[in-house]
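S.K.: Pasting a predicted model and its sequence here:
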Amino acid sequence: GQNIDQPTEMTATEGAIVQINCTYQTSGFNGLFWYQQHAGEAPTFLSYNVLDGLEEKGRFSSFLSRSKGYSYLLLKELQMKDSASYLCAGRQTGANNLFFGTGTRLTVIP
Amino acid sequence: DAGITQSPRHKVTETGTPVTLRCHQTENHRYMYWYRQDPGHGLRLIHYSYGVKDTDKGEVSDGYSVSRSKTEDFLLTLESATSSQTSVYFCAISDGDRASYEQYFGPGTRLTVT
């Protein structure tokens, strides 16, 4: 099975950088996903990592260490609209299903 | 945005009544999923489909059934709704031909069972 852990809540200041961590334990691993979900809306896909290292996509970057079972999402130049929940999800080898963590609610303050 | 719609968007029903939620896609994606989202639990997979008439159970399938008679539609049925099934239900799709298999979500259905 899979277990995904991430902090419940975080607060950061507009213009700053924030790192949201995710750790996972799984019997087989085949990719780590990050989604953004604004309150009352559907999750939207942000990033996918299957190999170790950093993937950069504009203000958002995602990092993966398979040996440590660890990932983080890095948000730069925070904007008020980045206030949302950020969901970490893993996929097992041989399956197409995702296992989600409970999400990290990020609040960006002026 | 992927073309996914869900209906109804909101529903209130009584305990013991049957309920069917519909997910419709215009992307011709092979895989379709039903999740529920509850505070403190995150998104949990109920059932998924990997093709027409091909479905399988997810993590929390008890009390739910699904059907997929054509590529674009995936139906979730609560045979006899219970208060514990009050939740927000999301449908998702993914393209099996993409190596990353990222999933795209519909707008959600808020179901209240009284």
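M.R.: Sure, I can see it.
S.K.: ranges for the strands of chain B?
M.R.: B:4-7, B:10-13, B:19-25, B:31-38, B:42-51, B:54-57, B:64-70, B:73-78, B:87-94, B:104-105, B:109-113 (DSSP state E).
S.K.: closest to A:L74 out of these?
M.R.: strand B:42-51 (21.3 Å; C-beta to C-beta). For every residue, glycine as well, the C-beta is placed using N, CA and C.
S.K.: Restrict the helix or strand of chain A with the lowest mean pLDDT to CA atoms and write it as PDB.
M.R.: When each helix and strand of chain A is scored by mean pLDDT, DSSP states H and E, strand A:2-5 comes last, with a mean of 87. Taking C-alpha atoms only, strand A:2-5 is exported to PDB below (Å, rounded to 0.1, in the frame of the first residue of the first chain):
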ATOM      1  CA  GLN A   2       0.900   3.700   0.100                       C
ATOM      2  CA  ASN A   3       1.200   6.300   2.800                       C
ATOM      3  CA  ILE A   4       1.600  10.000   1.900                       C
ATOM      4  CA  ASP A   5       2.400  12.600   4.500                       C
END
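S.K.: List the neighbours of that strand that are in contact with it.
M.R.: A:22-27, A:88-90, A:92, A:99-101 (C-beta atoms under 8 Å, 6 or more residues apart in numbering or on different chains).
S.K.: Please list the outside residues in contact with the very next helix or strand once past that strand.
M.R.: The element immediately downstream of strand A:2-5 (helix or strand, assigned by DSSP states H and E) is strand A:9-13. Strand A:9-13 is contacted by residues A:V18, A:I20, A:L75, A:L78, A:T104, A:R105, A:L106, A:T107, A:V108, A:I109, A:P110 when judged by C-beta under 8 Å, 6+ apart.
S.K.: go on, stretch B:20-27?
M.R.: B:2-8, B:11, B:32, B:34, B:71-78, B:89, B:91, B:93, B:95, B:104, B:106, B:109, B:111.
S.K.: just checking: which of these also lie near chain A?
M.R.: Among these, the ones lying near chain A by C-beta under 8 Å from any C-beta of the partner chain are B:Y104, B:G106.
S.K.: count of residues packed around B:P8?
M.R.: 12 (other C-beta atoms under 10 Å in any protein chain shown).
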